[in-house]
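Sequence first, predicted coordinates after that:
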Protein chains: 2
Amino acid sequence: MKAKLTAHDVARLAQVSQSAVSRAFTPGASVAPETRERIHLAARQLGYRPNAIARSLITRRSRIIGLVMSYLDNQFYPLVIERLSQALQRDGYHVLLFISETAQADSVLTDILQYQVDGIVLASTTVSSALANDCTRAGIPVVLFNRVAQIGAMGRYATSSVTSQNRAGGRMVGELLLRTGHRRIAWLAGEENASTSLEREAGLCEALAAAGQEPCARAVGHYDFEQARRAVLALFADPATRPDALAVANDHMAIAALETLRGELGLRVPHDVSVVGFDNVPQAAWPSFNLTTVQQDVDQMVDATRALLFEHIGGEVVPRSVAVPCTLIERGTVRARQ
Amino acid sequence: MKAKLTAHDVARLAQVSQSAVSRAFTPGASVAPETRERIHLAARQLGYRPNAIARSLITRRSRIIGLVMSYLDNQFYPLVIERLSQALQRDGYHVLLFISETAQADSVLTDILQYQVDGIVLASTTVSSALANDCTRAGIPVVLFNRVAQIGAMGRYATSSVTSQNRAGGRMVGELLLRTGHRRIAWLAGEENASTSLEREAGLCEALAAAGQEPCARAVGHYDFEQARRAVLALFADPATRPDALAVANDHMAIAALETLRGELGLRVPHDVSVVGFDNVPQAAWPSFNLTTVQQDVDQMVDATRALLFEHIGGEVVPRSVAVPCTLIERGTVRARQ
DNA sequence: CTGAAAGCGCTTACAG
DNA sequence: CTGAAAGCGCTTACAG
């Protein structure tokens, strides 16, 4: 392994000062065009590239964004990683990825802060709001993705967030199910205290209430395939009280529900039960599922996230929450009015 | 945003030198236990955390690993991201994620090198081998994940890699299909020049050759759902020459094949055609697919990757390739001998 | 437009 | 065990 090249080496070859080399690699710095050319030539000859670490130290900007996620089973999150990291790359930023189980939230925080990231995106339903508060307190911009800040009793640090209009989405689901004549609508929740799940449920209930109804049953699937399966089994255990529609907090669990309903309970979807998901992950469109769902607009959510991030990096301190519209995607898992 | 805290601030409060503060945060450095205690106390009071950027600059170790991926549609890759980043976190490393379309491979390289990553994992079938060579030449350790170095004519830089025993896996598929009495076996390839796809195909052909057979047809799906669909349509266009088994380069395309065969061609799997995939992604186990496939052992692959990475970071320069055993997972998409 | 110089926040020989 | 000092590789006023 050869010794590391520095700006000095280039300066020597190009017969300029080290400062000039630095300027030649700083967009907008004042260098004579021909000097810059000569320096770039020398750099290319040597294979020199500025050291981003040293630059970060002095500019106090790392151009790194920390992205915290918990689990990637749900295909919605790989999608987010993909779009967000590509967008951020175009902006000249990079993403440092942290996959954290709930437990290690604190060590994750310490890590992130040590790396002097310019901002953090928290796209993990399970990471505590305390984590977000700590970062805000440490002066580093945080934006919550696909969840909303808990307005806790003690630490009243609000945090910026971007979500879909989950309540409106939930309402769409309720209205669709009502419109198609369903009378016994059950709700399969994600996590009991996840804002996303809660909001969607609230929207559903709102729509039902407007028609003088309410969900006939409710279970919790913890955003997990296997736990969703068991929740469905419980919900449909008694044929006498069987729901005629199941609204699910996300597609990942909706697909688990579909599999369980058809494969284990021998029910036909949508003939015997209708199922609606939320997210519109790629698999929802696969013919085997053909899942009616509410689409979250990932690109718009990513754009909003970047905007918020840059706003805060630029010095804005008051948090802002943006909720992106979502769209009902009608496919084949809801029966038509009979 | 408050001014950044430094070791000096802590030193002042704890009444020691800045060097002592540094030592208190360096495992194994020589500090009196009570001094260390006092310093940690002061640090906690102030909310001080060492600046990893400054540390990296002087130690010339960033403890960052660059992870380069291309697309995450295939659920195998989110799995890899998850396992690899968690393992690396436990090792005290962090991952800087680069999602690159084929085209931008060069800009990715420049970016990565500027960030002084300690190593790079290239888990992207589409990134050119030239990229890997450039890194190796720049003196930064690279390990290829799920692919193997092209031994090019010009730049003869070999690169370390970890893969499954793809050829053996391909052979398992061939033997299974032969054993169950299939006579017209078609191959659906991934990318024409992807080592992974090529090796699996070679294994399949080897098994068939041992029985005096060869694949009856072949098509390319480019690891893409839609292109796999079209390839299947072409492969099964003529009922007279219809294959009785389809071996597919990965599960992602195998599921596309299943959907197309059943949904569009009205064929029953495995009654009319058998299908075998490769990877054992989570969806392969879903009841709707119940896909017979070859499992790649992600955990073992991740462990091998770490081992190789640390070996090279530690100074080892001769590249090494490790191939992890894979396992046939028999489920429901291959008909039993009739 | 260009160079000399200070400094970003650490680690690490070197003395004591 | 501890402190003073040099230095990691840059950026950026400040003069000229």
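Yep, that arrived.

Is the helix or strand where A:Leu13 lies in proximity to chain B?
Using DSSP states H and E, A:Leu13 sits in helix A:7-14. No - in terms of CB under 8 Å from any CB of the partner chain, no part of helix A:7-14 sits within range of chain B; the closest distance is 12.8 Å. For glycine as for every other residue, the C-beta is placed from the backbone atoms N, C-alpha and C.

Looking only at that helix, what residues are buried by neighbour count?
Using 16 or more other CB atoms under 10 Å in any protein chain shown as the burial criterion, the residues of helix A:7-14 that qualify are A:7, A:9-11, A:13-14.

Touching that helix from outside, list them.
With contact meaning CB atoms under 8 Å, 6 or more residues apart in numbering or on different chains, helix A:7-14 is reached by A:17-18, A:20-22, A:38-39, A:41-43, A:45-46, A:48, A:50.

gap between that helix and the chain center?
Remark: helix A:7-14 is offset 44 Å from the chain centroid, using CA atoms, centre = their mean, to the nearest Å.

Starting from DNA strand C, give me the distance back to the closest residue to A:Ser124 other than its chain neighbours.
Using CB to CB, 6 or more residues apart in numbering or on different chains and skipping residues adjacent in sequence, the residue nearest A:Ser124 is A:Ser70, 3.9 Å away. The spacing between A:Ser70 and DNA strand C, counted by CB to the nearest atom of the strand, to the nearest Å, is 29 Å.

Surely A:Ser70 is in contact with A:Val108?
No - between A:Ser70 and A:Val108 there is no contact, the gap being 10.3 Å when judged by CB atoms under 8 Å.

helix or strand right after the worst-scoring helix or strand of chain A on mean pLDDT?
Every helix and strand of chain A was ranked by mean pLDDT, DSSP states H and E. The lowest is helix A:129-137, at a mean of 74. Next helix or strand after helix A:129-137 toward the C-terminus (DSSP H and E): strand A:142-145.

And the next helix or strand past that following strand?
Elements were assigned by DSSP H and E; along the chain past strand A:142-145, the next helix or strand is strand A:160-164.

which helices and strands sit right next to that following strand?
Using 3 or more CB pairs under 8 Å, 6 or more residues apart in numbering or on different chains; DSSP states H and E, the elements in contact with strand A:160-164 are strand A:142-145, helix A:195-210, helix A:298-313, strand A:321-324.

Looking at these, spot the one closest to DNA strand D.
Comparing these against DNA strand D with CB to the nearest atom of the strand, the closest turns out to be helix A:298-313 (14.7 Å).

Would you mind listing the buried residues in the closest one?
Neighbour-count burial for helix A:298-313, counted by 16+ other CB under 10 Å, picks out A:298, A:301-306, A:308-309, A:311-313.

Turn those into CSV, including pLDDT.
Shown next, in CSV, are these (pLDDT from 0 to 100):
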residue, pLDDT
A:Val298, 97
A:Met301, 98
A:Val302, 98
A:Asp303, 98
A:Ala304, 98
A:Thr305, 98
A:Arg306, 97
A:Leu308, 96
A:Leu309, 96
A:Glu311, 94
A:His312, 93
A:Ile313, 92
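
Quick check: closest non-adjacent residue to A:Arg179.
Per CB to CB, 6+ apart, closest to A:Arg179 is A:Arg337, 7.1 Å.

Please disregard the earlier target; I meant A:Val294.
Using CB to CB, 6+ apart, the nearest residue to A:Val294 is A:Gly169, at 4.3 Å.

what secondary structure does the one you found sit in?
Under DSSP: H, G, I helix; E, B strand; the rest coil, the three-state class of A:Gly169 is helix.

Next, count neighbours for it.
When neighbours are defined as other CB atoms under 10 Å in any protein chain shown, A:Gly169 has 27 of them.

helix/strand/coil for the nearest residue to A:Leu261 once chain neighbours are set aside?
Spatially, and ignoring its direct neighbours in sequence, A:Leu261 is nearest to A:Leu267 (4.7 Å; CB to CB, 6+ apart). Secondary structure, three-state DSSP: A:Leu267 is coil.
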